[in-house]
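K.L.:
show me the folded form of this:
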Amino acid sequence: MKLFLGFCVLMLAFNAAAQSITPQYETSDCPDSIRRLAREYSAEISCGFLVVPEDRQAREASWDLERFVAQIAARQPTGKAPILYLAGGPGAPVAEDIAQILQSQLHQRYQIIAIDQRGAGFSRPSLNCYELDDQTDYLDPAWSQPCFRRLVKEGIALRAYNSASDAHDLQDLLVVLGIDKANVYGFSYGSRLALTFARDFPQRIRALMLDGVLPLHLNIFEELALNGNQSVARIFSSCDANVECRRAYSNLRSSFNYVMETLDRSPVEIQREEYDYPITITGQDFVFDVRYSLYEKHLIPFLPAKIDAYARGEYDFHPARVDGETAPIETDAPDTSDLSSEGTLLSFLCAEEAPFNRRELIANRAANLHGVLRRAWVEWAISYLNDCKSWDVPRSSARENQPVESDIPTLLLSGYFDPATPPHWGEEAAKHLANSWHYVFPDAGHGVLFTADAACAESIALSFLADPQRQPEDVCMEGLTSPDFYIRP
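P.N.:
Prediction:
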């Protein structure tokens, strides 16, 4: 027992030494893509790196982790706390969100501080798995094994790339920037990180805004298939409730099933202008294509037409080529494909999700779905668990799978068609947030606030931030309707 107590005291001393060193903030030039956006939008953006120990549990503190930060000045400052912007993923770079931030009304009144996650974006070291390219089968775990071995060989402590460490870094960032409290915005995985930050450092948060809510205590792989199926079914029911859509695309569900089954039996090779080579579309590819379209508000109105076109064998149908209709909104964001971090994604999933998800439930909960749907989504969920067999990081404690209880004022935003973080997840999170308001936007997908045509969400957010203790002004919700579906001539 004395030996055990002595060991504990020694480890506490090591940890205290590692965490007693004051973090640093080093200014730097902004990357070219961000400087270009600053010029285009006449915005004031300064950049730098938060420098912290990579592994706070290490026996010696290290200074080799640098997290990229972009500070975007408000155009008409309110003098209130800034907004700390947390991107999704995990592993998504904040660089791809800068253009949307600059177009937002929130940027007019609030300083916005966007920070890359550990290992993602411009942060160093990068956990980008270049072993995975656009011609690699993502469901094949073979690509993750060499990436894991390379990162370990480079000396990267993958166990340190988790939500709790990330949240500790956010605390350090506010300290070095001299910010007492921040309004914290989290999108998708960023909402989970925001909840972790609220759990561990509540004194640092003035208000929370969670967009596409991912609660800690829900098991994402066990619910993946049912959530996806619910979102697809909502396209069918919404079209059926619209007289013109129902008349143009009767039996839309049957058409959807027909396309899946046809492509499952006989995949089709097509040429798309976004690719330099022909691509093959299988039934499962079609399922994923529809699922990803449900993420984007501007693509959702075209889904019934696309399903109908595919059912007729017209596989070249694309919203960008629809005559007389507005093409999907072009983004000013730079190409950030090389900045996304699969290593950050897997380090999170394999520590904080995979240990709590049961393989049998993943399959059992999808048992009643159409065969192609079930196979697509169950195989996708299981593929992550297979990746985690070789992505050897310690499992998180049970604390990372428990609800966050908080009375911090919280605004929760959900898109009705969101297949990744559906509205009922926002409702589930709100049960444990005593001072919260939840809004479901009837025409939106994955992400509501920093998106195109987000006037109502921005109005609610600005009202909320003006006085987080009061229910925000939300009269604009009364004017929102289901999507105006495109009708093919």
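
K.L.:
please, where are all the helices along the stretch 1-150 of the chain?
P.N.:
Secondary structure of the stretch 1-150 of the chain (DSSP state H, counting those that start in this stretch): helices located at 2-20, 32-40, 98-103, 105-109, 144-153.

K.L.:
what segments of the stretch 201-350 of the chain are strands?
P.N.:
205-211, 268-270, 279-281 (DSSP state E, counting those that start in this stretch).

K.L.:
now render those as JSON lines, adding distance to G155 and mean pLDDT.
P.N.:
(C-beta placed from N, C-alpha, C; glycine too.) Formatted as JSON lines, the strands of the stretch 201-350 of the chain follow (distance: least, Cβ to Cβ, whole Å; pLDDT from 0 to 100):
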{"stretch": "strand 205-211", "distance to G155": "34", "mean pLDDT": "98"}
{"stretch": "strand 268-270", "distance to G155": "44", "mean pLDDT": "87"}
{"stretch": "strand 279-281", "distance to G155": "38", "mean pLDDT": "87"}
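
K.L.:
pLDDT score for the spatially closest residue to R365 that is not a sequence neighbour?
P.N.:
Closest residue to R365 apart from its sequence neighbours, by Cβ to Cβ, 6 or more residues apart in numbering: L226 at 5.7 Å. pLDDT, L226: 95.

K.L.:
L226: neighbouring residues, count only.
P.N.:
The tally of other residues near L226 (other Cβ atoms under 10 Å) stands at 15.

K.L.:
any weak-confidence spans in the stretch 251-400 of the chain?
P.N.:
273-275, 320-338 (pLDDT under 70).

K.L.:
quick one: the helices in it?
P.N.:
Ranges of helices in the stretch 251-400 of the chain, per DSSP H, counting those that start in this stretch, are 252-265, 283-293, 303-311, 342-348, 359-364, 371-390.

K.L.:
mean neighbour count and distance to I83 added to these, as a markdown table?
P.N.:
Below are those laid out as a markdown table (neighbours: other Cβ atoms under 10 Å; distance: least, Cβ to Cβ, whole Å):
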| stretch | mean neighbour count | distance to I83 |
| --- | --- | --- |
| helix 252-265 | 18 | 40 |
| helix 283-293 | 20 | 28 |
| helix 303-311 | 23 | 32 |
| helix 342-348 | 27 | 22 |
| helix 359-364 | 14 | 36 |
| helix 371-390 | 19 | 31 |
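
K.L.:
angles on the backbone of the closest residue to E44 other than its chain neighbours, please.
P.N.:
For E44, ignoring the flanking residues on the chain, the nearest one in space by Cβ to Cβ, 6+ apart is A73 at 3.9 Å. For A73, the backbone dihedrals are phi -70, psi 150 (criterion: degrees, to the nearest 10).

K.L.:
the one 5 residues further on now?
P.N.:
In this entry, T78 is assigned phi and psi values of phi -90, psi -20 (degrees, to the nearest 10).

K.L.:
according to the record, where do the domains of the chain fall?
P.N.:
Following automatic domain parsing, one gets these domains for the chain: 22-219+398-479, 220-318.

K.L.:
looking at these, which is nearest to N368?
P.N.:
Closest approach to N368 among these is made by domain 220-318 (9.2 Å; Cβ to Cβ).

K.L.:
now that closest one, how far from the centre of its chain.
P.N.:
Distance, stretch centre to chain centre, for domain 220-318: 22 Å (Cα atoms, centre = their mean, to the nearest Å).

K.L.:
start to end distance for it?
P.N.:
31 Å (Cα to Cα, to the nearest Å).

K.L.:
for the domains of the chain, which one sits closest to L345?
P.N.:
Between L345 and these, the shortest separation by Cβ to Cβ is 4.2 Å, and it involves domain 22-219+398-479.

K.L.:
look at that closest one and report the distance between its end residues.
P.N.:
Rule used - Cα to Cα; the end-to-end distance of domain 22-219+398-479 is 50 Å.

K.L.:
repeat for stretch 366-377
P.N.:
8 Å.

K.L.:
contacting residues around it?
P.N.:
224-226, 228-229, 232, 257, 260-261, 264, 283-284, 287-288, 378 (Cβ atoms under 8 Å, 6 or more residues apart in numbering).

K.L.:
please state the offset of that stretch from the chain centre?
P.N.:
So, by Cα atoms, centre = their mean, the centroid of stretch 366-377 is 24 Å from its chain's centroid.

K.L.:
same check, this time on stretch 84-92
P.N.:
So, by Cα atoms, centre = their mean, the centroid of stretch 84-92 is 6 Å from its chain's centroid.

K.L.:
average pLDDT across it?
P.N.:
Taken as a whole, stretch 84-92 has a mean pLDDT of 95.

K.L.:
cool, stretch 412-427 as well?
P.N.:
98.

K.L.:
what are the buried residues along that stretch?
P.N.:
Neighbour counts over stretch 412-427 (16 or more other Cβ atoms under 10 Å) mark 412-423, 425-426 as buried.

K.L.:
run the chain-centre distance for it.
P.N.:
12 Å.

K.L.:
try stretch 365-373
P.N.:
The answer for stretch 365-373 is 25 Å, by Cα atoms, centre = their mean.

K.L.:
correct me, but G89 touches Q117?
P.N.:
Yes - G89 is in contact with Q117 according to Cβ atoms under 8 Å; the separation is 6.6 Å.

K.L.:
from the buried residues of stretch 412-427, which two are the most distant?
P.N.:
In the buried residues of stretch 412-427, two members sit farther apart than any others by Cβ to Cβ. They are L412 and P419, at 17.7 Å.

K.L.:
can you tell me the centre-most residue of this structure?
P.N.:
G88 (2.8 Å; Cα atoms, centre = their mean).

K.L.:
could you find the closest non-adjacent residue to that one?
P.N.:
S188 (3.1 Å).

K.L.:
tell me, what's the model's pLDDT at the one you found?
P.N.:
At S188, the pLDDT value in this model is 97.

K.L.:
distance of it from Q105?
P.N.:
S188 sits 21 Å away from Q105, taking Cβ to Cβ, to the nearest Å as the criterion.

K.L.:
who has more neighbours, the two?
P.N.:
S188 (24 against 16).

K.L.:
check contacts around the more buried one.
P.N.:
S188 neighbours (Cβ under 8 Å, 6+ apart): 88-89, 92, 211-212, 214, 420-421, 446-447.

K.L.:
how does it look with 7 Å?
P.N.:
88, 212, 214, 420-421, 446 (Cβ atoms under 7 Å, 6 or more residues apart in numbering).

K.L.:
that one and C129, how far apart?
P.N.:
20 Å.

K.L.:
what about T78, neighbour count?
P.N.:
Counted with other Cβ under 10 Å, T78 comes out at 14.

K.L.:
who touches both of G89 and Q117?
P.N.:
T344.

K.L.:
looking at the two, which has the bigger crowd around it?
P.N.:
Comparing G89 with Q117 by other Cβ under 10 Å, the one with more neighbours is Q117, at 30 against 22.

K.L.:
surely the more buried one is in contact with S165?
P.N.:
No - the pair Q117 and S165 fails to qualify as a contact (Cβ atoms under 7 Å) at a distance of 10.1 Å.

K.L.:
re the thing from before, what would the contacts of S188 look like in JSON lines with distance to Q171?
P.N.:
Output for those, formatted as JSON lines (distance: Cβ to Cβ, whole Å):
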{"residue": "G88", "distance to Q171": "21"}
{"residue": "G212", "distance to Q171": "24"}
{"residue": "L214", "distance to Q171": "21"}
{"residue": "A420", "distance to Q171": "28"}
{"residue": "T421", "distance to Q171": "25"}
{"residue": "H446", "distance to Q171": "28"}
